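structure, please.
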Amino acid sequence: MNYTSRMLSEYLNNLRKGEENNLSSGAFVGRIAKGCQYSAMAVAVIGIGMGWFLAVPIQDPDVGMIFGALGLLALLMLPTYLSYRCCVDKSKLKTTYYILCFRREIEVYWEEVAYKKVRRDAHGDALSICLYSADRKKLISFDYVIVGFGRVVRMAKRIPVINK
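I've put the predicted structure just below:
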């Protein structure tokens, strides 16, 4: 990771940690952090706006198409970013979100989880966690942009690490 993306990653992670402090103890409902939602909205607006500006007034359609495509991609990701919810309690983990207009729901009981894999950054902070079944099939995963991610990592503390 280069310096700029690492700093952005740390900044978004810190924003998420700030939001996580407001979660209720016990069962909670997580979502994509506001900073990531706002970032995706800004990329969509700026990308589409720059694409139009470069293609129409400046008449450089090739470069305009690149910016427009990035903005359109961010726009298509917005339903997922805005609809994502994960419900976590002592017995199960459940995620619900939309991919475009298609609803996706994953429900996993903690008793099904046999292994975990936690990816960490250079400072030792968790970036993502994948939970696996006894037959080493990936059940569910979370990453650092989800409010409640730190609590999920702590809840999975006693689960053994998978050796792949």
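
and the strands in this structure, which stretches?
For the chain, the strands defined by DSSP state E cover 28-30, 85-88, 92-99, 102-109, 115-120, 126-132, 138-143.

of those strands, which is nearest N14?
N14 lies closest, by C-beta to C-beta, to one member of the strands of the chain: strand 126-132, at 13.3 Å. Yep, even glycine has a C-beta here, placed from its N, CA and C like the rest.

in JSON lines, list the strands of the chain along with mean neighbour count, mean pLDDT and distance to E19.
Shown next, in JSON lines, are the strands of the chain (neighbours: other C-beta atoms under 10 Å; pLDDT from 0 to 100; distance: least, C-beta to C-beta, whole Å):
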{"stretch": "strand 28-30", "mean neighbour count": "19", "mean pLDDT": "93", "distance to E19": "9"}
{"stretch": "strand 85-88", "mean neighbour count": "18", "mean pLDDT": "95", "distance to E19": "14"}
{"stretch": "strand 92-99", "mean neighbour count": "17", "mean pLDDT": "96", "distance to E19": "18"}
{"stretch": "strand 102-109", "mean neighbour count": "11", "mean pLDDT": "96", "distance to E19": "22"}
{"stretch": "strand 115-120", "mean neighbour count": "16", "mean pLDDT": "94", "distance to E19": "21"}
{"stretch": "strand 126-132", "mean neighbour count": "19", "mean pLDDT": "94", "distance to E19": "16"}
{"stretch": "strand 138-143", "mean neighbour count": "17", "mean pLDDT": "95", "distance to E19": "15"}
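
turn these into JSON lines, including distance to V63.
Listed next are those as JSON lines, based on distance: least, C-beta to C-beta, whole Å:
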{"stretch": "strand 28-30", "distance to V63": "38"}
{"stretch": "strand 85-88", "distance to V63": "38"}
{"stretch": "strand 92-99", "distance to V63": "29"}
{"stretch": "strand 102-109", "distance to V63": "32"}
{"stretch": "strand 115-120", "distance to V63": "35"}
{"stretch": "strand 126-132", "distance to V63": "33"}
{"stretch": "strand 138-143", "distance to V63": "32"}
